[in-house]
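>>> Provided below are the primary sequence and the corresponding predicted coordinates.
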Amino acid sequence: MSVTKILLDESEIPTHWYNVVADMPNPPAPYLGPDGKPVPPEAMAAIFPMPLLEQEMSSERWIKIPDEVREVYRLWRPSPLFRAHRLEAMLGTPAKIYYKYEGVSPAGSHKPNTAIPQAYYNKICGIKRLSTETGAGQWGCSLALAGSMFGLEVRVYMVKISYQQKPYRRSMMQTWGAEVLASPTNLTNAGRQILAQDPDNPGSLGIAISEAVEEAASRADTNYALGSVLNHVLLHQTVIGLETKKQLEKVGDYPDVIFAPCGGGSNVGGMMFPFVADKAAGKNIRLVPVEPTSCPTLTRGHYAYDYGDSVGLTPLMLMYTLGHDFMPPGIHAGGLRYHGDSALVSQLCKEGVLEALAVPQVATFKAGVLFAKAEGIVPAPESCHAACAAIDEALRCKATGESKTILFTLSGHGHFDMGAYDRYLSGELEDYDYPDEAIRAALDHLPKVG
């Protein structure tokens, strides 16, 4: 029988993270202040420890993973790569389908890959507390876990609609010792400002980021931790793609196309960045971030400088954006409800290295149920986006007779998301295409640079 699980030994956990900046066609655009001038690392030292800021600005190809971080990684890494034999048979496709399963982490997703090093670097720099935001709850759970590993207090501003939809994510964070607040709150200036305009505001990642950043900036013992978007976050996630390359080598295979769900970009960077150098060297491979049609940042957003949060506390980043005041619909892929995207992911899309795809909500859950019936794992709603794109590609191969190798990131399990599946199975979920007029209107709200 051909292999189903492709496993690595603990000794094969990557010793270094891969920095895609070293192999990008053009240098990354700088972060800017409101005056249009580049922001030096020291300007962000009020909320980030210097080792992370150095990684954020680095162009060095390989950055060593501290032994203390690799020791914690051993709790779940290396994660398994699966050959989806049963899904292939169900689809009747000649394509080979592989998925890298990150749901084996204690938090049930890929997010601890960066939460652990972020907590470690803050700990060694003398920080006592971390503040953060979370959408679907995966990041909040991961940072709560990391805080418990390194003895740090953690406060999580959880997007209110997710706080209501996903009570057990909240319970998991609290089990690991974190304090969880439904954002927007009345504890910060940003939250009070939003609630004054709309007392029933359902929250957004941009708002929650504003609250967490404001708190970190106001306390010397507290730093901010971010689960996606920034360069150092995507750097830490490259353990996913680095392991996957080793695993595929063990079975003598290589992908023709890779799909990963995309909200802020951590899945995309984690899986795809280690393959960017191969593409730059002439390898014929497609790298496809997959986002919701309801939050079509890469596929329909503006490529412009914008804030990473809702009230303008962060530096300006050149990225695809729907506008920092974007209010997302209440779709169940909470981790993908963000107005912008990683500057690195955005630039690589702009330059044609990555090609973005948007899929509707109902189709993603249909794909998730099909995948669960074939492979047994119930995917997180975010992960369903990549599964949907992979299944569609496999069906195209069935129609054409092509035998492609398809790879996607199954970034987490959906055990805490069964309320969303309940709504899908009862026919209550609807598709929502973000309106053109709202995308056009975002242009008027983008900050004027310089």
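Looks like it arrived, so ask away. Since this is a predicted model, take the numbers as computed values, not measurements.
>>> list the contacts of residue 102.
Residue 102 makes contact with 79, 109-110, 113, 240, 409-412, according to Cβ atoms under 8 Å, 6 or more residues apart in numbering. All C-beta spots, glycine's among them, are computed from the backbone N, C-alpha and C.
>>> 6 Å - rerun?
With contact set as Cβ atoms under 6 Å, 6 or more residues apart in numbering, residue 102 has these partners: 79, 109-110, 411.
>>> what about residue 278, which helix or strand?
When elements are defined using DSSP states H and E, residue 278 is found to belong to helix 266-280.
>>> just after that helix, pick out the following helix or strand.
Under the assignment DSSP H and E, the closest C-terminal helix or strand after helix 266-280 is strand 286-292.
>>> the helix holding residue 278: which residues count as buried?
266-276, 278-279 (16 or more other Cβ atoms under 10 Å).
>>> ok, back up a step: going by distance to residue 33, which of the contacts of residue 102 wins?
Taking Cβ to Cβ as the measure, residue 110 is the one of the contacts of residue 102 closest to residue 33, at 31.7 Å.
>>> what about the residue lying closest to the closest one once chain neighbours are set aside, distance to residue 208?
If you skip the residues right next to it in sequence, residue 110 has residue 102 as its closest partner in space, 3.8 Å away by Cβ to Cβ, 6 or more residues apart in numbering. Residue 102 is 23 Å from residue 208, where distance means Cβ to Cβ, to the nearest Å.
>>> could you do residue 376 as well?
Counting by Cβ to Cβ - residue 376 and residue 208 are separated by 33 Å.
>>> compare the two (neighbour count), which wins?
In this comparison of residue 376 against residue 208, neighbours counted by other Cβ atoms under 10 Å, the higher total goes to residue 208 at 31 against 8.
>>> for the helix or strand hosting the more buried one, buried residues please.
Counting by DSSP H and E, the element that carries residue 208 is helix 205-217. Residues of helix 205-217 classed as buried under the neighbour-count rule (16+ other Cβ under 10 Å) are 205-216.
>>> I'd like the average pLDDT over it.
Helix 205-217 comes out with an average pLDDT of 91.
>>> what's next to that helix, contact-wise?
46-47, 131-133, 135, 157, 159, 183-184, 188, 190-191, 194, 222-224, 309-311, 313, 324, 338-339.
>>> same check on stretch 396-412?
With Cβ under 6 Å, 6+ apart as the contact definition, stretch 396-412 has outside contacts at 92-103, 108-110, 138, 253, 255-261, 267, 271, 379-380, 383, 386, 390, 393-394.
>>> filter those down to the ones in strands?
Assigned to strands by DSSP state E, the following of the contacts of stretch 396-412 qualify: 96-101, 257-261.
>>> give the buried subset of the residues you listed as a PyMOL selection command.
Selection of the buried residues among the ones in strands among the contacts of stretch 396-412 in PyMOL, burial being defined by 16+ other Cβ under 10 Å:
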select buried, resi 96+97+98+99+100+101+257+258+259+260+261
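>>> from the ones in strands among the contacts of stretch 396-412, which two are the most distant?
With distances taken as Cβ to Cβ, the most widely separated pair in those is 96 and 261, at 20.7 Å.
>>> contacts only, for the residue nearest to the spatial centre of the chain.
The geometric centre of the chain, computed from its C-alpha atoms, lies nearest to residue 266 (Cα atoms, centre = their mean), at 3.4 Å. Counting by Cβ under 6 Å, 6+ apart, residue 266 touches 228, 233-234, 237.
>>> residue 308 now?
Taking Cβ under 6 Å, 6+ apart as the definition of contact, the neighbours of residue 308 are 314, 317.
>>> what stretches of the stretch 51-200 of the chain score poorly on pLDDT?
Judged against pLDDT under 70, the stretch 51-200 of the chain has no low-scoring part.
>>> just the helices in the stretch 101-250 of the chain please.
Counting by DSSP state H, counting those that start in this stretch, the stretch 101-250 of the chain has these helices, from start to end: 112-124, 138-150, 160-165, 167-175, 189-197, 205-217, 231-237, 239-250.
>>> I'd like these as TSV, with distance to residue 71 appended.
Below are these laid out as TSV (distance: least, Cβ to Cβ, whole Å):
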stretch	distance to residue 71
helix 112-124	10
helix 138-150	10
helix 160-165	31
helix 167-175	22
helix 189-197	37
helix 205-217	27
helix 231-237	15
helix 239-250	14
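>>> nearest to residue 3, out of those helices?
The stretch from these with the least distance to residue 3 (Cβ to Cβ) is helix 239-250; that distance is 8.4 Å.
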